[in-house]
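need coordinates for the below:
(one chain, ligands or ions: 2)
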Amino acid sequence: MNEVPVITIDGPSGSGKGTVSSLLAQQLGWHLLDSGALYRLTALAALKAQADLDDIAALSALAKDLDVSFRTCDGSSQRQIFLGEEDVSLQIRTEEVSLSASKVAAITEVRDSLFARQQAFAQMPGLVADGRDMGTVVFPHATMKFYITASAEARAQRRLKQLQAQGIDANIQRIFEDIVARDKRDSERAISPLLPATDAIIIDTTPLSIEEVIVEIKMHLKHKGLL
Ligand SMILES: Nc1ncnc2c1ncn2[C@@H]1O[C@H](COP(=O)(O)OP(=O)(O)O)[C@@H](O)[C@H]1O
Ligand SMILES: Nc1ccn([C@H]2C[C@H](O)[C@@H](COP(=O)(O)OP(=O)(O)O)O2)c(=O)n1
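Ligands and ions are numbered 1, 2, ... in the order given. Alright, predicted model coming up:
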């Protein structure tokens, strides 16, 4: 049986990995794994169940039993994320869920509970996997690995614009501090810390537009014979 090609795109919050992964998966006609959404969904399920974020057994059971589906409406590139029959696409992006997601993501048992589910996304014709540890832990033998990053200032500016576009009042200093705090927690945790895989291609997107990042990634894919 042929091996399923996997492209991993890891990086910190606001580096653009979600946008780039989704565009790339769409352009290649490949599957997409938004692994951050699984941690966000676990956090949301815990908040809904009023589970204690220190209750490791309860959190890992919630992660294991998540009834999640990623759906795409016909004729639209917009993906919707469902927990059971509820569309939670917006709920999982709130600040409360972001903060809780970063806490549950630091728990080994939660990561273990989500591991097999993430690997099951690798299906023909291929997978683009977006997260923090796609290239280091979940798909260590991926066909091609990218680590995309940007300065904390640039990432804060991007988030500000994103929130303003959604009509949400936001404060740049607060966003910047949140980003630095989340980077620290994601990079310093003992399990699956945010780190580029040794064989990842690192792209600093600070001076680049989304289109320029896609062009650069495609250049590498072409080089590898994937395009
Ligand atoms: N290279 C870029 N230049 C400018 N804005 C970008 C770039 N990449 C992403 N963005 C914007 O930044 C915001 C965060 O991007 P996103 O893909 O959600 O990041 P991540 O998944 O890494 O947290 C989005 O509004 C996106 O449109
Ligand atoms: N593979 C992954 C993906 C996300 N996480 C963590 C990191 C974040 O704190 C949360 C949410 O990740 P997500 O990628 O949705 O967050 P950002 O859009 O980058 O802000 O989950 C992780 O630990 N491992």
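
my read: L32 touches M134, true?
No: with contact defined as CB atoms under 8 Å, L32 does not reach M134; the gap is 11.6 Å. In short, each C-beta sits where N, CA and C put it, glycine included.

show me which of those two is the more surrounded one.
Counted by other CB atoms under 10 Å, L32 and M134 do not tie: M134 has more neighbours, with 31 against 20.

for the more buried one, which non-adjacent residue is closest in space?
Ranked by CB to CB, 6 or more residues apart in numbering and with sequence neighbours excluded, the top spatial neighbour of M134 is T8, at 3.7 Å.

tell me which element that neighbour is part of?
Using DSSP states H and E, T8 sits within strand 6-10.

which residues belonging to the next helix or strand after that strand are considered buried?
Next helix or strand after strand 6-10 toward the C-terminus (DSSP H and E): helix 17-28. For helix 17-28, burial by neighbour count (16 or more other CB atoms under 10 Å) applies to 17-25, 28.

out of those, who's near ligand 2?
With CB under 6 Å from any ligand atom as the criterion, those include G18 near ligand 2.

ok, so of the buried residues of helix 17-28, who is nearest A46?
Closest approach between the buried residues of helix 17-28 and A46, by CB to CB: G18, at 22.0 Å.

which residues touch the closest one?
Neighbouring residues of G18 by CB atoms under 8 Å, 6 or more residues apart in numbering: 34, 36, 130.

and it, how far is that from ligand 1?
Distance, G18 to ligand 1, by CB to the nearest ligand atom, to the nearest Å: 3 Å.

again with F70
15 Å.

quick one: Q119 and P140 touch, right?
No: if you go by CB under 8 Å, Q119 and P140 don't touch, sitting 10.8 Å apart.

ok, back up a step: and the strand holding T8, is it in reach of ligand 1?
No: applying CB under 6 Å from any ligand atom, one finds strand 6-10 separated from ligand 1 by no less than 8.7 Å.

and that strand with helix 17-28, angle?
If you take axes from the mean of the first three to the mean of the last three CA atoms, to 10 degrees, strand 6-10 sits at 160 degrees to helix 17-28.

name the strands paired with strand 6-10 and say parallel or antiparallel.
Strand 6-10 has its sheet partners listed here by DSSP bridges as strand 127-131 (parallel), strand 144-149 (parallel).

check which helices and strands the following helix or strand past the last one sits against.
Proceeding N to C from strand 144-149, the next assigned helix or strand is helix 152-165, under DSSP H and E. Using 3 or more CB pairs under 8 Å, 6 or more residues apart in numbering; DSSP states H and E as the contact test, the elements touching helix 152-165 are helix 172-188.
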